[in-house]
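*Asks:* no FASTA, just this:
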Ligand SMILES: Cc1ncc(COP(=O)(O)O)c(C=O)c1O
């Protein structure tokens, strides 16, 4: 397996490559797409083989017998995360944004507050607002250049109308792998304010060497209010399969959610379960280990190049392939630094303010691409900010 191969994704219905001109004015002719969170790598061979075998039959009928799908999920969580999952606790949704929307619909009412620790993955706030609930922003604080929490401040913000809190673990966009003490503090906060705790752990496999992710299920005393969300899609670069899991340890919460799922008439498309079953395998595990080592090299090259530009700071990444770069020390407005990145460097990167309060002076760069492209991006950025050198 090699992650060095440059694959031309233009004209393949790729949101990242084929959508960047419309969003950022960066032409795919010579632009670099570093925004949407999917990678420019082929999925593991085992996944490609499973799709090919299915495709060779040429009949795309209703999918049945989810046994291998559930077995694979349970095997992966036990093997990779030390987490024993009951099959009855697993619900398959059309991805985690969909899973989150279903949780909002099931466990909260219009007008209720839902707490986000910002900056955080932008779709959370979008879905909360679209469901007529209130986004309650609790800004993360910077300590030694990394994000952490300030629960005294959050406690004083609570009004009693909050019903749910969302944790992004590991953290997108800050790349943090939360410590056990931080997870315990999040759990205690949820209990203090009687909130359902959603733990979105979609990035839990993309942990860089030297760091260890702890699933929220490993934290004591939270089980009766905890909803886990996981997916194979981010890990194995199969996001287009639109499949993910809401996993609910508590039987009572599970029963309520199960009724909602039945009421929605939801079931996965035929490709999702077979891709997940193939991915959550020993071959998949080997691929992910190699991927994380590769991403770590990308991160080192990117950080070294970016931190050499006066005024730019790349946050140390412990997980994900998403680099979070602060431009505040350039003294430029967001419009000014975006112009240099898009027009000067011809790079499409996510705007920090879309991640909520605290993200205004940042851009998020996707490093899930061959190293040669990372090096090209760094050279272009160094040139675009040359006058600061
Ligand atoms: C934290 C987080 N949750 C959910 C998603 C999207 O999940 P899905 O594609 O399953 O809806 C992303 C995508 O980047 C993410 O970063």
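*Replies:* Ah, there it is. Model, not experiment: these values are computed from the prediction.

*Asks:* against the ligand, how distant is the closest residue to residue 195 other than its chain neighbours?
*Replies:* Counting by Cβ to Cβ, 6 or more residues apart in numbering, residue 165 is the residue found nearest to residue 195 once chain neighbours are left out, at 4.5 Å. Yep, even glycine has a C-beta here, placed from its N, CA and C like the rest. Using Cβ to the nearest ligand atom, to the nearest Å, we find residue 165 at a distance of 14 Å from the ligand.

*Asks:* would you check that residue 362 makes contact with residue 323?
*Replies:* No: taking Cβ atoms under 8 Å as the contact criterion, residue 362 and residue 323 are not neighbours in contact, 9.9 Å apart.

*Asks:* get me the contact residues on the stretch 151-300 of the chain for the ligand.
*Replies:* Counting by Cβ under 6 Å from any ligand atom, the residues of the stretch 151-300 of the chain close to the ligand are 168, 172, 200, 202, 231, 233, 239, 244.

*Asks:* in helices only, show me those residues.
*Replies:* Counting by DSSP state H, the members of those that fall within helices are residue 233.

*Asks:* who touches residue 341 in this structure?
*Replies:* With contacts taken as Cβ atoms under 8 Å, 6 or more residues apart in numbering, residue 341 has the following neighbours: 347, 349, 363, 381, 384.

*Asks:* report the beta-bridge partners for the third one.
*Replies:* Each beta-bridge partner of residue 363 is listed here: residue 325, residue 351, as defined by DSSP bridges.

*Asks:* distance check, it against the ligand.
*Replies:* Applying Cβ to the nearest ligand atom, the value for residue 363 to the ligand is 16 Å.

*Asks:* what's the pLDDT at that residue?
*Replies:* Model confidence at residue 363, given as pLDDT, is 98.

*Asks:* what number of residues are in the vicinity of it?
*Replies:* Other residues lying near residue 363 total 25 when counted by other Cβ atoms under 10 Å.

*Asks:* quick revisit: might one say that the residue nearest to residue 195 is in contact with residue 196?
*Replies:* Yes: counting by Cβ under 8 Å, residue 196 is a contact partner of residue 165 at 7.5 Å.

*Asks:* of the two, who's got more company?
*Replies:* For residue 165 against residue 196, the residue with the higher neighbour count under other Cβ under 10 Å is residue 165, and the figures read 25 against 21.

*Asks:* ok, back up a step: list just the nearest of the contacts of residue 341 to the ligand.
*Replies:* Within the set of the contacts of residue 341, residue 349 lies nearest the ligand; the separation is 14.2 Å, counting by Cβ to the nearest ligand atom.

*Asks:* quickly list what the nearest residue to residue 186 once chain neighbours are set aside is bridged to.
*Replies:* Nearest in space to residue 186, with sequence neighbours left out and distances taken as Cβ to Cβ, 6+ apart, is residue 167 at 5.4 Å. Note on residue 167: beta-bridge partners by DSSP bridges are residue 199.

*Asks:* residues contacting residue 167?
*Replies:* Taking Cβ under 8 Å, 6+ apart as the test, what residue 167 contacts is 117, 178, 183, 186, 197-200, 216.

*Asks:* pretty sure residue 91 belongs to a strand, no?
*Replies:* Yes: assessed by DSSP: H, G, I helix; E, B strand; the rest coil, residue 91 belongs to a strand.

*Asks:* and it, how close does it get to the ligand?
*Replies:* From residue 91 over to the ligand the distance is 13 Å, taken as Cβ to the nearest ligand atom.

*Asks:* what bridges to that residue?
*Replies:* Here residue 91 shows beta-bridge partners residue 246, assigned using DSSP bridges.

*Asks:* close to the ligand: what parts of the stretch 1-150 of the chain are there?
*Replies:* 37, 95-97, 121.

*Asks:* please convert the residues you listed to a markdown table, extending it with pLDDT, secondary structure and neighbour count.
*Replies:* Converted to a markdown table, those look like this (pLDDT from 0 to 100; DSSP: H, G, I helix; E, B strand; the rest coil; neighbours: other Cβ atoms under 10 Å):
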| residue | pLDDT | secondary structure | neighbour count |
| --- | --- | --- | --- |
| 37 | 97 | coil | 21 |
| 95 | 97 | coil | 21 |
| 96 | 98 | helix | 26 |
| 97 | 98 | helix | 19 |
| 121 | 98 | coil | 25 |
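
*Asks:* follow-up on the earlier one: output the contacts of residue 341 in TSV, with distance to residue 101 and secondary structure appended to each entry.
*Replies:* As requested, the contacts of residue 341 are exported to TSV (distance: Cβ to Cβ, whole Å; DSSP: H, G, I helix; E, B strand; the rest coil):
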residue	distance to residue 101	secondary structure
347	31	strand
349	26	strand
363	27	strand
381	36	helix
384	38	helix
